[in-house]
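**Student:** Predicted model, plus sequence, below.
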Amino acid sequence: MCSNACMAARCGDGIVQSGEQCDDGNTDSSDACTATCTTARCGDGMIRAGVEACDDGNASDADACLSTCVAASCGDGHIRAGVEACDDGNTTDGDGCSATCSLMSCGNGTTDAGEDCDDGNASNLDACLNTCLSATCGDGFTEDGVETCDDGNDLPGDGCSASCMTEAGADGGVMLDGAMTGDGGGVDGGTAGDGSVSGDGGAAFDAGTGGADAGGTTVMNGGCACTAAGSRSSGGGALLLLLGLAMVLARRRR
């Protein structure tokens, strides 16, 4: 089809053609007409600015975004899986379901019926949430020593992976087999040379410059001295390198 401007008709040209529900002349999916020229609606997976708080593209009321495109919260009458033990539609204590959507027995230090656990504290950063449910990836709470992030979902590509590890580029680090690099170095604080990556804080170097052997000692093979496995690059490492070079030069002079 050709428009009255003698241009091929397309979604985004501002003219509603056959097969289009709307066409507002842009490719913004956060307004009333999506980039595919369909009318925006709750459940289409695209958050409409000023209208929807969230839109996860499904009709479930047991996750972080309700089927009404409102963010789930305690007291909304819907039990959020893995986060709430109960939800009676209010935030009143003393009616069987507490103001934090936990059973009234939660927090007494004893795992009662309906509870996964009960550690007797109100922390959401350990293995047992204050709702007496076991902590899981996707519950919205970052478990100390286990997760590096938890954004309340199990979707990858949003800065926090489906296993609750910070994704590449989210904070300047890079994911390598589940471990995070730091400050451009190797895994667990190690450094890398010649494009290789070390583990457990060790350092990797090519054969021309020497490296640390399996026992963690410094190796000299005519090249430079390298710090032992498990150490980090520091002023002490630089001093060791200078001492190694001095030894090589002294041997050559002899």
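**Tutor:** That came in fine, so what should we check first?
**Student:** mind listing the strands for the stretch 51-200 of the chain?
**Tutor:** 175-176, 179-180, 191-192 (DSSP state E, counting those that start in this stretch).
**Student:** could you give the mean pLDDT of the first one?
**Tutor:** Pointing back at strand 175-176 there. Strand 175-176 shows a mean pLDDT of 42.
**Student:** Also the second one?
**Tutor:** Across strand 179-180, pLDDT averages out at 42.
**Student:** do the same with the last one
**Tutor:** The average pLDDT for strand 191-192 rounds to 39.
**Student:** Please verify my assumption that residue 117 contacts residue 131.
**Tutor:** No - at 9.9 Å, residue 117 does not count as touching residue 131 under the criterion of CB atoms under 8 Å. C-beta here means a position set from N, CA and C on the backbone, and glycine is covered the same way.
**Student:** what about those two, which has more around it?
**Tutor:** The neighbour comparison of residue 117 against residue 131 (other CB atoms under 10 Å) goes to residue 131, with 24 against 15.
**Student:** check contacts around residue 55.
**Tutor:** If you count contacts by CB atoms under 8 Å, 6 or more residues apart in numbering, residue 55 has them with 42-48, 65, 69.
**Student:** List just the nearest of these to residue 148.
**Tutor:** Of all the contacts of residue 55, residue 148 sits closest to residue 65, with 23.2 Å by CB to CB.
**Student:** How many residues are close by the closest residue to residue 89 other than its chain neighbours?
**Tutor:** Nearest residue to residue 89, sequence neighbours excluded (CB to CB, 6 or more residues apart in numbering): residue 77, at 3.7 Å. Neighbours of residue 77 under the rule other CB under 10 Å: 10.
**Student:** and residue 77, how far is that from residue 19?
**Tutor:** 39 Å (CB to CB, to the nearest Å).
**Student:** Could you do residue 43 as well?
**Tutor:** 21 Å.
**Student:** between those two, who's got more neighbours?
**Tutor:** More crowded of residue 43 and residue 19, by other CB under 10 Å: residue 43, with 15 against 9.
**Student:** give me every residue that touches the more buried one.
**Tutor:** 55, 57-59, 67, 69.
**Student:** Would you mind giving these as a markdown table with distance to residue 146 added?
**Tutor:** Output for these, formatted as a markdown table (distance: CB to CB, whole Å):
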| residue | distance to residue 146 |
| --- | --- |
| 55 | 29 |
| 57 | 28 |
| 58 | 27 |
| 59 | 31 |
| 67 | 31 |
| 69 | 31 |
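**Student:** between those residues, which is closest to residue 95?
**Tutor:** Of all those, residue 67 has the smallest distance to residue 95: 25.3 Å, by CB to CB.
**Student:** Number of residues surrounding the closest one?
**Tutor:** If we define neighbours as other CB under 10 Å, then residue 67 has 15 of them.
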